[in-house]
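1. how would this look folded up:
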Amino acid sequence: QVQLVESGGGLVQAGGSLRLSCAASGRSFGSYTMGWFRQAPGKEREFVARIIGSGSYSFYADPVKGRFTISRDNAKNTVYLQMNSLKPEDTAVYYCAADFLGTGSSQERSYDYWGQGTQVTVSS
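-> You can find the predicted model right below:
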């Protein structure tokens, strides 16, 4: 069993930055892929970024490429999402998720555990 707790959300002006954190409980954090997803009001949840267990490879959705950076600290059982140059369209609830099998997928169904989400609001 893994528990994921996100933090770091808030209200920021367009062009600003936020760093989200996701703390994981349980063992073997460094062995599984972690992902970030988001869900805007009235929209389906969408993939944002993922990072493999070692941290040596990451992948981003096109809308955030070049602006967001995913990273992890396996000693702290934590994954981060640094968000720069934020836009109003980045407004959403952001979720972290764990993919135990390391499927390399951006699909929600490949992720086994989810956090409760943290709200990010970007004002124009």
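
2. just the strands in the chain please.
-> For the chain, the strands defined by DSSP state E occupy 4-7, 10-13, 18-24, 33-39, 46-51, 58-60, 68-73, 78-83, 92-99, 113-114, 118-123.

3. Let's check: the centremost residue of this structure is which one?
-> The geometric centre of the chain, computed from its C-alpha atoms, lies nearest to residue 36 (CA atoms, centre = their mean), at 2.3 Å.

4. That residue: what's its closest spatial neighbour, skipping adjacent residues?
-> Here the nearest residue to residue 36 in space, its sequence neighbours aside, is residue 48; by CB to CB, 6 or more residues apart in numbering that works out to 4.2 Å. From N, CA and C alone the C-beta is placed, and that goes for glycine too.

5. wouldn't that neighbour be in contact with residue 79 here?
-> No: here residue 48 does not reach residue 79: they are 11.7 Å apart, not a contact under CB atoms under 8 Å.

6. what sits in contact with each of these two?
-> With contacts taken as CB atoms under 8 Å, 6 or more residues apart in numbering, residue 48 and residue 79 have residue 36 as neighbours in common.

7. neighbour count winner among these two?
-> residue 79 (29 against 24; other CB atoms under 10 Å).

8. Could you double-check that that one sits in contact with residue 72?
-> Yes: between residue 79 and residue 72 there is a contact under CB under 8 Å: 4.4 Å.

9. Which residues are in contact with each of those two?
-> Counting by CB under 8 Å, 6+ apart, the residues touching both residue 79 and residue 72 are 34, 51.

10. count of residues packed around residue 17?
-> 11.

11. Revised request: answer the last question for residue 115.
-> The number of residues packed near residue 115 is 22, by other CB under 10 Å.

12. Could you tell me which residues make contact with it?
-> Taking CB under 8 Å, 6+ apart as the contact definition, residue 115 lies against 4, 5, 6, 22, 95, 96, 97.

13. Bridged to the third one, which residues?
-> What that stands for is residue 6. Applying DSSP bridges to residue 6 yields these beta-bridge partners: residue 22.

14. from now on call the first residue 38
-> All right, first residue 38 from here; so that's residue 43.

15. From the centre of the chain, point out the most distant residue.
-> No residue in the chain sits farther from the centre than residue 161, which is 22.7 Å out by CA atoms, centre = their mean.
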